[in-house]
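> Below are the sequence and a predicted model for it; my questions follow.
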Amino acid sequence: MAPPAEVLAVRGLSKTFPGVRALDDVDLTLHAGEVHALIGENGAGKSTLIKLLTGVYRPDAGEVVFQGRTVSFGTPLEAQKAGISTIYQEVNLIPLLSVARNLFLGREPRNRFGVLDMARMNREAEETLGTYGVRVDVRRPLRTLGVGAQQMVALARAVATDARIVIMDEPTSSLEPREVETLFAVIRRLRDAGIAVVYVSHRLDELYAVCSTVTVLRDGRRVHHGRLADLDRLSLVSTMLGRELGEVRAEGLTKFTGDHGAADAEPVLAATELTVPHKLHGVSLTVRPGEVVGLGGLLGSGRTETAKAVAGALPLRSGTVTVAGVPLRTGSTPAALRAGVSLLPEDRKSEGIVPGLSVRENIALAVLPRLSRFGLVSESRVDSIVDTFIERLRIKASSPHQKVGELSGGNQQKVLLARWLAMNPKVLLLDEPTRGIDVGAKAEVQKLVDELAADGLGVLLISSDLEELIEGSDRVVVLKDGSVVGELAGDDVTEEKLMRTIAGDGPARDTVKEAVVDG
Amino acid sequence: MTTASIEPPQDTHPVGPARHERLSALVQQHGALAVLLIVSLVASLSFDSFATGDNISNMATSSAFLAIVALGMTFVIITGGVDLSVGSLFALGGVLAAWGSRHGTLVALLLPLAVCGLIGVVNGLLIARSRLAPFIVTLAAMLGARGLMLALTDEGADTYLIGKGSFLAELGQGTTLGLGNPVWITLALFVAGAVVLRRTRFGQHVYAVGGNEDAAALMGAPVARTKILVYALSGLLAGLAGALNAAWLASGVTILGSGMELDAISAVVIGGTLLTGGLGYVSGSLVGVLLLKVIQNVINQIGSLDSSYQQVVSGAFLAVVVIAQTWLGRRRQLM
Amino acid sequence: MAEATLRTLPLDKARVLHWLQRYGVYAGVAALLVVNTVITPYFLTVENFRTQAVQVAPVIIVALGMALVIGTEGVDLSVGAVMALAASVTALYLGYGLLPALLAVALFAAGVGLAGGALVAFVGVQPIVATLALMVGGRGLALVLLPQLKDLRNPALASLGSGDLLGFPYLILIAAALALLLGFVMRRTTFGRQLLAIGDSRPAAQLAGLPVRRVLITVYVVSALLAAVAGVLATARLQASDPTSLGNLMELSAITAVVVGGTPLTGGRVNIAGTVAGAVLIQLLTATLIKHDLPPSWTQIAQAIVIVAAVYAARGRGKR
């Protein structure tokens, strides 16, 4: 049997953004009918690679050979017209337009008066979608379909426009198990039709269910590629996270020191059975005063959602949160703040800093009412707090009046930490506190977290950096697909055990396993 | 291979989102029509002079001009924009038609269309290419067009007349089958508008741009061109409405059109078009205009009520409709 | 890759643009003053300055409220209607004395602001639509309360409109005092800072536990109250209540003043001094054209161009 034709060959692709080498000399080859897993943690370069392939960005170096010709796409539309379609996790269609109109937008059948032939359009739409297992009234607005069916419409649209490569960016993140199964069936059909699929996901079960080959990216480089079957789960996780198994027991490199927290103290934070549709399925955890509890798991496992739910920023379907024994009104950020819960959000730029305001005003933002009398701000009290924190956290700004938007990532993060510390919290939720900041600032933040815990603060630490998680935490709660799948404490808090828990089968989704058998 | 299927959500939740969705779509699309029928029924039972041929014919003719403006506004609002310049363009169109009628019918008709259409194109360019906010651009155009109109009429002192018996006068004042010509023109424009919106690729692009601009661009819709076209269309139709109105009144009256943009927006929104874009009906806008006119007529019939109650009622109506829209929209998002 | 920024403008162009955005409005005012001194007879007279100032005072007062609303990434189209409403209510309650009338005006205005704020903050309606409904309804209500122009004979009201203190008309003093007060509020109070944070980044403000809804409602109430003050002062100056035409196009003048004054429509910044200068700039521009016998039509066209130019110049600033 002749090997399938090479559809795409990427050689030496590089892209640099100011201060960050997002992609560094990456190769990628795709053959017709190949389902290729593209994996890596946040910031590994997956999305940069996809954006380079689909014309959102232009590469600094390297070439993309598509169906034997060197190509350079200026826009996603050009890439799509050439035959590279992308299915995003947030379906990129027009929600209020009918299913059929979505499917045919831009290539609608017209009758001899130049007017859309609705009867034919609806009939053809029904036929096409039928082959994808979507049986719906195609005249209904797209929005009324489930996310899975919407994704099928997007897929059908991509295939109908002669796609040779379909890139799927976390397609299952909001699908029901049954819908995942259908998606897999469709992927296999695409494969049989000679279409190459790039499958991006963090759910290992799924990768092993549908993908034949894999590329692992880390810090912008390709660190592994080959047949997926040759790589077991543990090796996959360790490659992705960049930790050799032997290296695991080596000396710690972070600035964290020893354990703290009295094991018998009453928990300062207790979350019970937090449930958010599609995101969290009954997550429970406790944090004692002076304890740093790590929240482990891959991207999309529900870490951020857990932190947000505790901080009142995500409405819960059910579950309770108590702070120092007092039940909290959930779903209210001010209530959580008053009770002493502060959240350092993951998305620093859009949810954390107020870019147009100064360092001083950003630090004082949350605590302002406490520094005011009759609504009048006491400038001297603000100054004293701001000065204290700028000095204590060593925030580097030209002056307290510099705009926060102009600072480096590390200093922005310190400004946010200062904002929350000024509130004198009982519990601090840190979501990726050191992501995207330089090494020096990282060490300082880590040291600070340590000091805070030593002062008796309860800390919940979320980090994709295993080292940071292991060395910073006294205990690690591991999440997977929105549920707690394990907890490591004491001597069990090691990278090896953590990776095993993350990679392990846990309460995996039965349907997916069936799909494996089926495939 | 498995033959898995994704069934419509209502099969899994028999009384869930689907029924609510259908209900809200029904209210959205036909709520205004129901209110119009009820108000008309009550009015014709309460006032002998309401359901007379004369009154209905008068209402129809006076609705025609606002309806034409609302037609253009419907397109603009479906793309998620707004056009505040239509009132001024309406007045400008009337003055240009009356002024042009001295140079022949063709000039009288083409001049307002050309000038108002051009202003619409400029609006569209500033909005689509320079990415300025629609409301501020069209607000400036409203001021500029009014200034232009005043400059043409010696600060509103000159009123150009349209000669009796000319084709233009006949177009505005004549009747066919008992209804004024402007009414027929309006109906023809609405039928054409409905076909364009629902049955042409341009119409699909209008919905797509308003529904999700980024996705529309990714799906190959010409976003900028679509936006420019809808503002051009809105300007064109406002100019046409002004010209017809001038023909009807036999003169280019300079004080008209102020506040018309608000009536047009109210009518469009009452007719079920989402202000956030992506959803709307040409027929709904017609119903919205008629509803506003019927309410006005009823208030006039009551006699003891001042005509300014009309504004209070439309304002309140608009608020209720927008609250309902937002509320329905939010329910959808949650599900 | 998250660090990607868009600082690729050539430095000189960026610097010029920045300067224009920050000081353009003052330069414009200065230029108009100089030009007029040279070409306009009797320009440099106390009488002329007093006339100009009295004319611009209501615009300034309304624009101050508008600046706050725009600072939250909103807009208030109902200000003109509120002025008309204030005129009607003044006429209606003046029989009980000036103070009760003012109290009634304040209540009505606060009601309108509360309605607008609630629509925006609780229902989640876009500001432009919420205030549009209030604009239509508010003007209608004003006309229902007082269908036509009514002469008002009240010495207290008359002195409010045309009296002065040490040669400064009350109108000017009140506008100046309000501008100082709002400048102080924006600079020194919790409310001012929370307002800016909400306008700059609503998600961040929400996560920081700020009272977003309360601040938004307060902003719309303040805007309505300021419009009411302007309405009462304009009525006092006319010594007549004219709900039909009072405040017509005022929303436009106020938005223009705010935008020309360097407050971006994208929220997060409020430039009080710039807003005052913006109103003065438009007033001087209009006065210059009128004094040189250019008809009002030209001033409208000129104003339209100034608005577009100001928004165009501010375009780069709001984007992130």
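Right, received. Where do you want to start?
> show me what contacts residue 64?
Assuming you mean chain A. A:Val64 is in contact with A:Leu8, A:Ala9, A:Val10, A:Leu13, A:Leu52, A:Leu53, A:Thr70, A:Val71, A:Ser72, counting by CB atoms under 8 Å, 6 or more residues apart in numbering or on different chains. (Each C-beta comes from the backbone N, C-alpha and C, glycine too.)
> Chain B was what I was after
Contacts of B:Ala64 by CB under 8 Å, 6+ apart are B:Gly180, B:Pro182, B:Val183, B:Ile185, B:Thr186, B:Ala241, B:Leu244.
> filter those residues to the buried ones?
B:Gly180, B:Pro182, B:Val183, B:Ile185, B:Thr186, B:Ala241, B:Leu244 (16 or more other CB atoms under 10 Å in any protein chain shown).
> From the residues you listed, which land in strands?
The strands in this structure, assigned by DSSP state E, contain B:Gly180 from the buried ones among the contacts of B:Ala64.
> quick check, nearest of the buried ones among the contacts of B:Ala64 to chain C?
B:Ala241 (19.8 Å; CB to the nearest CB).
> For residue 228, which non-adjacent residue is closest in space?
With no chain named, the answer covers chain A. Leaving aside its sequence neighbours, A:Leu228 sits nearest to A:Val214 (CB to CB, 6 or more residues apart in numbering or on different chains; 4.4 Å).
> To clarify, I was referring to chain C.
Nearest non-adjacent residue to C:Ala228 (CB to CB, 6+ apart): C:Ala109, at 3.5 Å.
> Helix or strand: which one has that neighbour?
With secondary structure defined by DSSP states H and E, C:Ala109 is part of helix C:98-118.
> Off-centre distance for that helix?
17 Å (CA atoms, centre = their mean, to the nearest Å).
> Can you tell me what sits against that helix?
B:319, C:76, C:78, C:81-82, C:85-86, C:89-90, C:92-94, C:127, C:130-131, C:134, C:138, C:154, C:156-157, C:160, C:216-225, C:227-228, C:231-232.
> Buried residues, it. List them.
C:98, C:101-102, C:104-106, C:108-113, C:115-118.
> Output it as CSV, nothing but the C-alphas.
C-alpha atoms of helix C:98-118 as CSV (Å, rounded to 0.1, in the frame of the first residue of the first chain):
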residue,chain,number,x,y,z
LEU,C,98,-39.0,78.8,44.2
LEU,C,99,-37.6,76.3,46.6
PRO,C,100,-40.6,73.9,46.5
ALA,C,101,-40.4,74.2,42.7
LEU,C,102,-36.7,73.3,42.7
LEU,C,103,-37.4,70.4,45.0
ALA,C,104,-40.0,69.1,42.6
VAL,C,105,-37.7,69.5,39.7
ALA,C,106,-35.0,67.6,41.5
LEU,C,107,-37.4,64.7,42.2
PHE,C,108,-38.6,64.5,38.6
ALA,C,109,-35.0,64.5,37.3
ALA,C,110,-33.8,62.0,39.8
GLY,C,111,-36.7,59.8,38.7
VAL,C,112,-35.6,59.9,35.1
GLY,C,113,-32.0,59.3,36.0
LEU,C,114,-33.0,56.4,38.3
ALA,C,115,-35.0,54.8,35.4
GLY,C,116,-32.1,55.2,33.0
GLY,C,117,-29.6,53.9,35.5
ALA,C,118,-31.8,50.9,36.4
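> so who does A:Val216 touch?
So A:Val216 contacts A:Ile39, A:Gly40, A:Arg222, A:Val223, A:His224, A:His225, A:Leu236, A:Thr239, A:Met240 (CB under 8 Å, 6+ apart).
> How far does stretch C:137-155 stretch from one end to the other?
31 Å (CA to CA, to the nearest Å).
> Is there any residue in that stretch that contacts chain B?
Yes: Stretch C:137-155 comes into contact with chain B (CB under 8 Å from any CB of the partner chain), by way of C:Gly137, C:Gly138, C:Arg139, C:Gly140, C:Leu141, C:Ala142, C:Leu143, C:Val144, C:Pro147.
> so which strand or helix has B:Gln311?
Counting by DSSP H and E, B:Gln311 is found in helix B:309-334.
> before we move on, back to that, now the contacts of helix C:98-118: which count as buried?
By 16+ other CB under 10 Å, those give B:319, C:76, C:78, C:81-82, C:85-86, C:89-90, C:92-94, C:127, C:130-131, C:134, C:138, C:154, C:157, C:160, C:216-225, C:227-228, C:231-232 as buried.
> where's the longest helix seen in chain B relative to the chain centroid, distance-wise?
The longest helix of chain B (DSSP state H) is helix B:17-46. Taking CA atoms, centre = their mean, one finds the center of helix B:17-46 at 19 Å from the center of the full chain.
> And the next helix or strand past it?
According to DSSP H and E, the helix or strand after helix B:17-46 is helix B:53-78.
> before we move on, the earlier item: now that we have the residues of stretch C:137-155 next to chain B, can you turn them into JSON lines and tack on pLDDT?
Converted to JSON lines, the residues of stretch C:137-155 next to chain B look like this (pLDDT from 0 to 100):
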{"residue": "C:Gly137", "pLDDT": "87"}
{"residue": "C:Gly138", "pLDDT": "90"}
{"residue": "C:Arg139", "pLDDT": "87"}
{"residue": "C:Gly140", "pLDDT": "87"}
{"residue": "C:Leu141", "pLDDT": "90"}
{"residue": "C:Ala142", "pLDDT": "91"}
{"residue": "C:Leu143", "pLDDT": "88"}
{"residue": "C:Val144", "pLDDT": "88"}
{"residue": "C:Pro147", "pLDDT": "82"}
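> Mind giving me the ChimeraX select for those residues, buried ones only?
To isolate the buried ones among the residues of stretch C:137-155 next to chain B in ChimeraX, judged by 16+ other CB under 10 Å, type:
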select /C:137,138,139,140,141,142,143,144
